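Colleague: Predicted model, plus sequence, below.
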Amino acid sequence: MYCFVTAAAEHTDLSFEALESWKSQGSSVLQKYLQSCKPLCTRNGAFGYIDKRIMLTLWTIIIENAVTLIVGNRHK
């Protein structure tokens, strides 16, 4: 799970950086075309797009649910 979330966040950041670098190097026609391009993003259900800011939220939810399951099973 950690590998997927990290890769998805890096995927979004690298895509954004590539578009920005291409915009500064191209001709005016290429710059107009690149303005219409959006960075590639990985969507994660109700959380929206995965980026570095959402990673902490995802890990908080995963850890809280795991602890709840562990503690719930110990009392049975």
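Modeller: Cool, got the structure. Numbers count the residues shown, from 1 in each chain.
Colleague: Beyond the least confident helix or strand in the chain by mean pLDDT, next helix or strand please.
Modeller: The weakest-scoring helix or strand in the chain, judged by mean pLDDT, DSSP states H and E, is helix 2-25 (a mean of 75). Going down the chain from helix 2-25, the next helix or strand is helix 28-35, by DSSP states H and E.
Colleague: Could you tell me the average pLDDT over that next one, please?
Modeller: Helix 28-35 shows a mean pLDDT of 79.
Colleague: List the buried residues of it.
Modeller: With burial defined by 16 or more other C-beta atoms under 10 Å, the residues of helix 28-35 counted as buried are residue 34. (Each C-beta comes from the backbone N, C-alpha and C, glycine too.)
Colleague: Who are the packing partners of it?
Modeller: Counting contacts by 3 or more C-beta pairs under 8 Å, 6 or more residues apart in numbering; DSSP states H and E, helix 28-35 is packed against helix 2-25.
Colleague: Residue 35 touches residue 20, doesn't it?
Modeller: No. Contact criterion C-beta atoms under 8 Å: residue 35 and residue 20 do not qualify, at 11.4 Å.
Colleague: For the least confident helix or strand of the chain, name the packing helices and strands.
Modeller: helix 28-35, helix 52-74.
Colleague: Alpha carbons only: can I get the shortest one in CSV?
Modeller: What follows is helix 28-35, C-alpha atoms only, in CSV (Å, rounded to 0.1, in the frame of the first residue of the first chain):
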residue,chain,number,x,y,z
SER,A,28,4.5,30.1,-28.7
VAL,A,29,2.4,27.5,-30.5
LEU,A,30,3.7,24.8,-28.2
GLN,A,31,3.1,26.9,-25.1
LYS,A,32,-0.5,27.5,-26.2
TYR,A,33,-0.9,23.7,-26.6
LEU,A,34,0.7,22.9,-23.3
GLN,A,35,-1.7,25.4,-21.5
